[in-house]
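heads up, no residue letters with this:
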């Protein structure tokens, strides 16, 4: 990402500059990266149109929620993080665009963390030539947002039966206004215009190499969470998710992550299963295909530091299976770049049958040949893998795990993304509309998991800090019409060791008040998990949010 730049006031903006900014927006909205992202395209189009109108002061969370996402006039940003979640995704997609198909774009659109205003940053000196007259074919094209409806947000245009020629100027409901037909007005380019464009392109070509060299050394301070400047940033690099044994080109999971079909493999065969429940995951379908046998993967990967997650589920051998078996039925080794990664690995012993087992490894890098090599060989039975996930990592630290006991994402005020509840066994989710006090982040406490349950949180070797968020929403409230003291009492354990005995939320914080408990120095078990258990003593145990961060040695 480039450094943050100043937002020019519309009264002082060169019309040619505005045309280049509109062309930059057009390039993003009509790109393959945003082709199937109408929500993000509408969000970007909305904030950019406010910028073009000189109305950046009106780009607020409330107006975006009501105008773009159709939230009601009673929208409460403290408990509904729709805007922060979508802005988080938009920043991620913009980075993906400018690191990929938009790498040669002269202007980059940046939405810095902490606000929703777009900034148009010159990436090459060629875009800043004083007095150069723009002959961009889009200079007279005006990007118009779809009709605004305060109750439904921005509406995308439905596909029509118009000829392809009439559709050429739009994608995903983003329209170009030129003549009355809605097409871009084509104006002849005179010889002076061609010479000007040639000069600009020559300067851009000469500076592009230097920009690419310097770009990797730039740091965007606005991209880091504002809560602490000491938190290291994620290394730049691609996210690669492979659904093994999957014959289609793409699979989208419950969180919106895109997994490509099986590729980069040699050897082995495909296994497919009928629909069935897989425990400890929101994405059972991900574990219904796999690659099995003696096989390897050779995955092209850019230099950098990554986090590797291998996804397994044993669905063949279990006490309930007609084939019988369980432990010691499938045992195999996995090597990474020629070195042992998992030895004598037994999925049932590691996690149990019909259960998602995620093994995570930090500080992963490609080999000297630019590939990540994974080799699978069996000792008993045939090796199997269901999915491979490679994401940008933190140097010598695992990416934090942040979860809310809800079915939706939550973004806190520091810009941290909390994913929906997963990795659990047993318990029930409940959603409450009780106002929780004693916290600056009430959105963390709008849901809870209750019962007798546990989480198997996948981590690598190291020491971890566990932060648990609680609130009592029933006992001691007007709904229960009784004192809350002693009405809910439970134990919290990690890998069988008690962290807290006889926890009474009302006694510790009061009813309707946030309670945060933090534990340090926790280490994973031999299966690479922090098993965090909530065991009832009186009534059900309960938790609202869970956070795991690796501690500095």
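Structure received. Only a predicted model underlies this, so the values are computations on that prediction, with no experimental measurement involved.

the helices in the stretch 251-400 of the chain, which residues?
Remark: helices assigned in the stretch 251-400 of the chain by DSSP state H, counting those that start in this stretch are 347-351.

low pLDDT regions in it?
The stretch 251-400 of the chain contains residues with pLDDT under 70 at 319-324.

ok, now with 50
By pLDDT under 50, the stretch 251-400 of the chain has no low-scoring segment.

low-confidence stretches in this structure?
Ranges of the chain meeting pLDDT under 50: 1-11, 125-233, 235-236.

my guess is residue 333 contacts residue 346. True?
No: at 11.1 Å, residue 333 does not count as touching residue 346 under the criterion of C-beta atoms under 8 Å. Bear in mind the C-beta positions are built from the backbone N, C-alpha and C, glycine included.

neighbour-wise, which of these two wins?
Higher neighbour count among residue 333 and residue 346: residue 346, with 20 against 16, using other C-beta atoms under 10 Å.

list phi and psi for that one.
With angles defined as degrees, to the nearest 10, residue 346 shows backbone torsions of phi -130, psi 110.

not counting sequence-adjacent ones, nearest residue to it?
Nearest non-adjacent residue to residue 346, counting by C-beta to C-beta, 6 or more residues apart in numbering: residue 331, 5.0 Å away.

swap in residue 539?
Per C-beta to C-beta, 6+ apart, closest to residue 539 is residue 488, 4.6 Å.

and for residue 303?
residue 366 is the one closest to residue 303 (C-beta to C-beta, 6+ apart), at 6.7 Å.

same thing with residue 265?
residue 297 (5.2 Å).

test my guess that residue 311 contacts residue 385.
Yes: contact criterion C-beta under 8 Å: residue 311 and residue 385 qualify, at 7.4 Å.

and the helices in the stretch 1-150 of the chain?
With DSSP H, counting those that start in this stretch as the criterion, the stretch 1-150 of the chain has helices spanning 15-29, 38-52, 61-67, 82-99.

now the ones you listed as CSV including mean neighbour count?
As requested, the helices of the stretch 1-150 of the chain are exported to CSV (neighbours: other C-beta atoms under 10 Å):
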stretch, mean neighbour count
helix 15-29, 20
helix 38-52, 22
helix 61-67, 20
helix 82-99, 20
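
for the ones you listed, which one sits closest to residue 444?
helix 82-99 (12.7 Å; C-beta to C-beta).

what's the closest one packed up against?
helix 38-52, helix 61-67, strand 107-110, strand 410-411 (3 or more C-beta pairs under 8 Å, 6 or more residues apart in numbering; DSSP states H and E).

next, the angle helix 82-99 makes with the longest one.
In this structure, helix 38-52 runs at an angle of 90 degrees to helix 82-99, with axes from the mean of the first three to the mean of the last three C-alpha atoms, to 10 degrees as the basis.

contact partners for the spatially most central residue of the chain?
Among the residues of the chain, the one closest to the centroid is residue 89, at 6.5 Å (C-alpha atoms, centre = their mean). Each residue near residue 89 by C-beta atoms under 8 Å, 6 or more residues apart in numbering is listed here: 40, 256.

now the strands for the stretch 451-553 of the chain?
453-458, 464-471, 489-494, 497-503, 514-522, 529-538, 541-543, 545-550 (DSSP state E, counting those that start in this stretch).

before we move on, the earlier item: who's in contact with the residue nearest to residue 265?
242, 264, 265, 266, 372, 373, 374, 388.

in CSV: those residues, plus distance to residue 539.
CSV is the format used below for these (distance: C-beta to C-beta, whole Å):
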residue, distance to residue 539
242, 44
264, 51
265, 50
266, 55
372, 48
373, 52
374, 46
388, 42
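
just give me the closest of those residues to residue 306.
residue 372 (8.0 Å).

each with direction, which strands does the longest strand along the chain pair with?
Using DSSP state E, we find that the single longest strand of the chain is strand 289-300. Applying DSSP bridges, strand 289-300 is found paired with strand 265-272 (antiparallel), strand 371-380 (antiparallel), strand 384-385 (antiparallel).

which of these sits most buried?
strand 384-385 (a mean of 24; mean count of other C-beta atoms under 10 Å).

any idea how far that strand is from the chain center?
25 Å (C-alpha atoms, centre = their mean, to the nearest Å).

which one of the contacts of residue 297 is nearest residue 315?
residue 388 (17.7 Å).

relative to residue 264, how far out is the closest one?
9 Å (C-beta to C-beta, to the nearest Å).

the two: which has the busier surroundings?
Remark: of residue 388 and residue 264, residue 388 carries more neighbours, 23 against 17, as counted by other C-beta under 10 Å.

isn't the more buried one up against residue 310?
Yes: with contact defined as C-beta under 8 Å, residue 388 reaches residue 310; the gap is 6.3 Å.

what's the distance between residue 252 and residue 477?
With C-beta to C-beta as the criterion, residue 252 and residue 477 are 39 Å apart.

more neighbours: the two, which one.
residue 477 (16 against 11).

residues contacting the more buried one?
Here residue 477 is in contact with 434, 484, 511, 512 (C-beta under 8 Å, 6+ apart).

circling back to that earlier point, switch the helices and strands packed on helix 82-99 over to a markdown table; also include distance to residue 99.
Rendered in a markdown table, the data for those read as follows (distance: least, C-beta to C-beta, whole Å):
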| stretch | distance to residue 99 |
| --- | --- |
| helix 38-52 | 16 |
| helix 61-67 | 25 |
| strand 107-110 | 10 |
| strand 410-411 | 22 |
